[in-house]
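*Asks:* Take this sequence and fold it.
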Amino acid sequence: MTDSGLQAYTPLLLHLLIATALAGALTAASVLIGWRRPSRAKQQPYECGMEPTGDARAPISVRFYLVAMVFILFDVEAIFLYPWAYIYRDFINMSPRIGMYGFLEMMVYIAILLVGYFYLWKKGALDWHKY
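*Replies:* Predicted coordinates for the structure are as follows:
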């Protein structure tokens, strides 16, 4: 082993340089070699094979973004349940006391999530018929 810890990062730096060079080369080749035959059909926005309706720059309700953020928040929080469920048996095998502590901690975690969920529900953040 050498004195310099930076030498361990050489393969990573080389990988990033190669990836950047390859991405740049492919983009440049596409611009230089690619066919450009614009037509009216190609310039239209694509909406699942259907004729587009309305203006593409129409304002979207902020509620859509709020519900999307709430969904992502609770989705990410639910992901934390999987590692806990995976190691819970190990907690019980270590000691029933540690297993009970892990179980109670997860119940506190779920209770905090439920409090947040009921708060959003009472505030009407999940009600689409309001607006």
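
*Asks:* only C-alpha atoms for contact and neighbour calcs from this point on.
*Replies:* Will do.

*Asks:* contacting residues around stretch 18-30?
*Replies:* By Cα atoms under 8 Å, 6 or more residues apart in numbering, no residue outside stretch 18-30 reaches it.

*Asks:* Just name the shakiest helix or strand of the chain by mean pLDDT.
*Replies:* When the helices and strands of the chain are scored by mean pLDDT, DSSP states H and E, helix 40-43 comes last with a mean of 80.

*Asks:* Check which helices and strands that helix sits against.
*Replies:* Where contact means 3 or more Cα pairs under 8 Å, 6 or more residues apart in numbering; DSSP states H and E, helix 40-43 is not packed against any helix or strand.

*Asks:* chain center to it: distance?
*Replies:* 32 Å (Cα atoms, centre = their mean, to the nearest Å).

*Asks:* Kindly report the same for stretch 17-24.
*Replies:* Distance of stretch 17-24 from its chain centroid, counting by Cα atoms, centre = their mean, is 25 Å.

*Asks:* Put the alpha carbons of it into PDB.
*Replies:* What follows is stretch 17-24 as a C-alpha-only set of coordinates in PDB (Å, rounded to 0.1, in the frame of the first residue of the first chain):
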ATOM      1  CA  LEU A  17     -13.500  10.200 -17.600                       C
ATOM      2  CA  ILE A  18     -14.200   7.400 -20.000                       C
ATOM      3  CA  ALA A  19     -18.000   7.700 -19.400                       C
ATOM      4  CA  THR A  20     -17.900  11.400 -20.000                       C
ATOM      5  CA  ALA A  21     -15.800  11.000 -23.100                       C
ATOM      6  CA  LEU A  22     -18.100   8.300 -24.500                       C
ATOM      7  CA  ALA A  23     -21.300  10.300 -23.800                       C
ATOM      8  CA  GLY A  24     -19.800  13.400 -25.500                       C
END
